[in-house]
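Engineer: Sharing a model that was predicted from the sequence below.
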Amino acid sequence: MVRTVKERIVTEVQTRPTDATLEDSSLQEFRARMRGEVLTPGAAGYDEARRIWNGMINRKPAVIARCTGAADVIAAVNFARDNELEIAVRGGGHSLPGQSVCDGGMMIDLSPLTGVRVDPVKRTVRAGGGCLWGAIDHEAAAFGLATVGGTVSHTGIGGLSLGGGFGWLARKYGLVVDNLVSVDIVTADGRLLTASADENPDLFWAVRGGGGNFGVVTSFEYRAHEVGPIVVGGLALFPAERATEILRAFRDIMATAPDELTLAAVYMSAPPAPFVPQEAVGAPVLGIAACYAGSVEDGQRAMEPVRALHPMVDLIGPIPYGALQTIIDKANPHFIQYYNKGHYLSDLSDEVIDTFVAQAAGKTAPMSYMLLWPFRGAVARSVGGDTAMGFRDTAYILVLISAWLDPAESERHVQWTRDVWTALQPFATGAIYVNDLNDEGPNQVMTAYEPAAFQRLIDVKTKYDPANIFHMNQNIKPRSAQNGS
Ligand SMILES: Cc1cc2nc3c(=O)[nH]c(=O)nc-3n(C[C@H](O)[C@H](O)[C@H](O)COP(=O)(O)OP(=O)(O)OC[C@H]3O[C@@H](n4cnc5c(N)ncnc54)[C@H](O)[C@@H]3O)c2cc1C
């Protein structure tokens with residue numbers, strides 16, 4: 001019996017609300033074209049598949065296409081486009097505003113696409129579009145290699161790579177986008193293209209920072225580097241009363257630090273971990289997280305200025321790079337409530353530090369944190385050539401993450417994050433990392449790009465996705481939909 005299913009598709013995040021009617025017969029045809037599962041509401045596994053990292057997001061796609069390869073992605077893009085289903089693409093599912101899942105429409109779920117292949121001779125790593133960083137770190141480490149990647153191993157390579165991507169190795173080897181060699185990408189017309197310096201170079205330029213606007217990346221190829229396997233890294237904790245002094249020292253160390261050294265400052269609450277003195281558990285602390293991407297001897301020397309500050313907890317020492325990549329995993333658990341904001345900073349003046357510390361004192365939830373991450377080094381030198389990811393003179397990226405358990409408390413924690421963001425805004429450059437954008441307003445995506453790059457991104461969007469079918473992202477609209485920009 002043919003049954004008609006009416007799905008109301010509401011775009012919460014971006015543009016066009018549409019109606020779509022899906023015949024069971026056409027769904028059946030679609031299923032037959034897919035190797036991966038096709039899940040609809042009520043199916044076993046549907047609720048798990050639609051869930052993403054941020055527990056605040058609770059959306060119900062009409063269809064979830066669990067893609068096992070490029071063929072499935074092509075089938076899914078064609079089906080969604082032809083049936084006017086809104087498309088959300090899920091990589092690792094760590095988009096804080098929830099752009100990897102839609103209400104109604106189709107979630108193109110790449111989480112089965114997790115193969116990793118290391119070429120130790122060419123020193124490259126190729127990984128499926130739904131991979132998490134932990135998989136890449138694991139495979140590359142077997143050959144004494146690592147790619148520049150994110151700092152939490154359960155984050156997806158998809159959204160992070162397409163947005164720019166910073167991590168422990170960025171000051172030494174550049175951002176993730178500076179280390180991209182090529183991508184395979186399914187575009188709006190259902191073609192699989194390779195984008196690299198030699199093939200479709202306009203698209204290659206755009207995907208290195210332009211987010212998921214141009215298609216579904218089925219595989220990423222990265223340059224890898226000899227790292228470790230043992231590096232010097234870890235975490236030192238200081239009581240919050242010393243936050244101003246430690247932040248000034250942190251700034252001064254980073255002002256002359258070699259590219260190998262990355263220190264990040266994080267204002268947080270001391271976790272209930274065995275290494276934290278009982279009396280300090282839950283108390284606010286200023287953490288200095290560290291990595292030296294060079295020899296252990298040089299790394300130990302580079303950490304001396306941090307040790308000279310006499311941390312109350314000192315866990316900085318020799319550690320396998322892959323283990324360092326997981327040390328903050330547990331501080332970012334799945335499925336609790338999250339809200340975020342971010343700024344780029346051109347320096348860390350005493351005034352910025354004073355404002356940061358004053359705002360930190362009002363932190364409303366133990367799991368919330370404020371992170372200052374340094375750029376410069378190879379990031380500033382754009383070692384990967386011309387990419388869409390600009391603002392390379394940024395000195396620090398400020399990341400504000402609120403995290404709490406009870407949805408009933410959301411207003412208070414969200415408000416604190418917004419207040420801190422507003423208080424620090426006068427010191428910020430005005431530009432924002434695309435993966436930190438949340439609810440800055442209708443033109444927020446423009447703040448992530450330099451003006452000329454933004455115009456170029458519009459041109460590439462217009463060429464590869466003129467109907468803007470990929471809009472569940474920090475959306476760059478095609479020229480026809482721009483209002484005089
Ligand atoms: C715990 C945590 C730690 C983080 N640490 C870092 C960090 O160290 N460095 C850093 O730079 N950022 C970091 N971020 C930010 C991170 O870059 C973004 O959240 C990013 O979007 C996550 O990618 P994802 O694939 O997991 O997300 P998803 O939610 O799956 O996707 C995010 C966006 O990218 C699109 N997308 C994802 N995969 C693909 C693909 N294969 N093809 C096309 N579009 C795709 C989606 O459609 C969506 O618009 C962190 C975020 C979290 C939550």
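Structural biologist: Yep, it's here. Numbers count the residues shown, from 1 in each chain.
Engineer: Can you give me the distance of the closest residue to the ligand within the stretch 251-400 of the chain to Tyr396?
Structural biologist: Across the stretch 251-400 of the chain, the shortest distance to the ligand (CB to the nearest ligand atom) belongs to Asn332, at 3.6 Å. All C-beta spots, glycine's among them, are computed from the backbone N, C-alpha and C. To Tyr396, Asn332 is 20 Å away according to CB to CB, to the nearest Å.
Engineer: Compare the two (neighbour count), which wins?
Structural biologist: Of the pair Asn332 and Tyr396, Tyr396 is the one with more neighbours under other CB atoms under 10 Å, namely 23 against 18.
Engineer: Now do the same contact list for that one.
Structural biologist: Going by CB atoms under 8 Å, 6 or more residues apart in numbering, Tyr396 touches Tyr344, Leu345, Asp347, Leu348, Leu372, Trp373, Pro374, Phe375.
Engineer: 10 Å - rerun?
Structural biologist: Taking CB atoms under 10 Å, 6 or more residues apart in numbering, we find Tyr396 in contact with 251, 254, 264-265, 343-348, 352, 371-376, 428.
Engineer: Weed out the non-buried ones from these.
Structural biologist: Taking 16 or more other CB atoms under 10 Å as the criterion, what is buried in these is 251, 254, 264-265, 343-345, 348, 352, 371-376, 428.
Engineer: quick one: which of the residues you listed sit in strands?
Structural biologist: Secondary structure from DSSP state E places Ala264, Ala265, His343, Tyr344, Leu345, Leu371, Leu372, Trp373, Pro374 of the buried ones among the contacts of Tyr396 in strands.
Engineer: now the first one, which residues is it bridged with?
Structural biologist: By that I understand Ala264. As for beta bridges, Ala264 partners with Ala289 under DSSP bridges.
Engineer: Do a quick rundown of the strands in the stretch 301-450 of the chain.
Structural biologist: Using DSSP state E, counting those that start in this stretch, the strands of the stretch 301-450 of the chain run over 313-314, 317-320, 337-345, 369-374, 396-404.
Engineer: In JSON lines, list the ones you listed along with distance to the ligand.
Structural biologist: Listed next are the strands of the stretch 301-450 of the chain as JSON lines, based on distance: least, CB to the nearest ligand atom, whole Å:
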{"stretch": "strand 313-314", "distance to the ligand": "22"}
{"stretch": "strand 317-320", "distance to the ligand": "17"}
{"stretch": "strand 337-345", "distance to the ligand": "7"}
{"stretch": "strand 369-374", "distance to the ligand": "8"}
{"stretch": "strand 396-404", "distance to the ligand": "8"}
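Engineer: and of these, who's closest to Ala448?
Structural biologist: For the strands of the stretch 301-450 of the chain, the distance to Ala448 is smallest for strand 337-345, at 9.7 Å, taking CB to CB.
Engineer: Just the CA trace of the closest one, in PDB.
Structural biologist: Taking Å, rounded to 0.1, in the frame of the first residue of the first chain, the C-alpha atoms of strand 337-345 are listed here in PDB:
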ATOM      1  CA  GLN A 337      23.900  21.400  27.600                       C
ATOM      2  CA  TYR A 338      26.400  23.700  25.900                       C
ATOM      3  CA  TYR A 339      26.600  27.200  24.700                       C
ATOM      4  CA  ASN A 340      29.500  29.100  23.200                       C
ATOM      5  CA  LYS A 341      30.900  32.400  22.000                       C
ATOM      6  CA  GLY A 342      34.300  33.500  20.700                       C
ATOM      7  CA  HIS A 343      36.500  36.400  19.800                       C
ATOM      8  CA  TYR A 344      39.900  37.000  18.100                       C
ATOM      9  CA  LEU A 345      42.300  39.100  20.100                       C
END
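Engineer: Could you list every helix and strand that that strand packs against?
Structural biologist: Strand 337-345 sits against helix 350-360, strand 369-374, strand 396-404, helix 410-424, with contacts defined as 3 or more CB pairs under 10 Å, 6 or more residues apart in numbering; DSSP states H and E.
Engineer: Would you tell me which of those gets closest to Asp198?
Structural biologist: Nearest to Asp198, of the helices and strands packed on strand 337-345 and by CB to CB, is strand 396-404 at 31.5 Å.
Engineer: can you pull out the strands in the stretch 51-200 of the chain?
Structural biologist: 63-66, 87-90, 106-109, 116-119, 124-128, 145-146, 180-186, 192-196.
Engineer: Please name whichever of these is nearest to Asp72.
Structural biologist: strand 63-66 (6.7 Å).
Engineer: okay, the strands of the stretch 301-450 of the chain in CSV with mean pLDDT and distance to Phe79 next?
Structural biologist: Below are the strands of the stretch 301-450 of the chain laid out as CSV (pLDDT from 0 to 100; distance: least, CB to CB, whole Å):
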stretch, mean pLDDT, distance to Phe79
strand 313-314, 96, 53
strand 317-320, 98, 44
strand 337-345, 98, 32
strand 369-374, 98, 40
strand 396-404, 98, 36
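Engineer: right, and these - which one's nearest Gln99?
Structural biologist: Gln99 lies closest, by CB to CB, to one member of these: strand 337-345, at 12.6 Å.
Engineer: Close to the ligand: what parts of this structure are there?
Structural biologist: 52-53, 89-96, 99-100, 110, 129, 150-152, 155-156, 158-160, 162-163, 165-167, 211-212, 216-217, 332, 435, 472-473 (CB under 6 Å from any ligand atom).
Engineer: rerun at 5 Å
Structural biologist: Residues of the chain lying close to the ligand by CB under 5 Å from any ligand atom are 89-95, 99-100, 129, 150-152, 155-156, 158-160, 165-166, 212, 216-217, 332, 435, 473.
Engineer: which of these count as buried?
Structural biologist: 89-95, 99-100, 129, 150-152, 155-156, 158-160, 165-166, 212, 216-217, 332, 435, 473.
Engineer: What distance do you get for Gln337 to Ser95?
Structural biologist: Counting by CB to CB, the gap from Gln337 to Ser95 is 15 Å.
Engineer: go on, Phe275?
Structural biologist: 32 Å.
Engineer: next one: Asp103
Structural biologist: Taking CB to CB, one finds Asp103 at 15 Å from Ser95.
Engineer: same thing with Cys291?
Structural biologist: In terms of CB to CB, Cys291 sits 25 Å off from Ser95.
Engineer: measure Asn83 to Leu27 for me?
Structural biologist: To Leu27, Asn83 is 9 Å away according to CB to CB.
Engineer: residues bridging contact with the two, i.e. touching both?
Structural biologist: Joint contacts of Asn83 and Leu27 (CB under 10 Å, 6+ apart) are Ala62, Val63.
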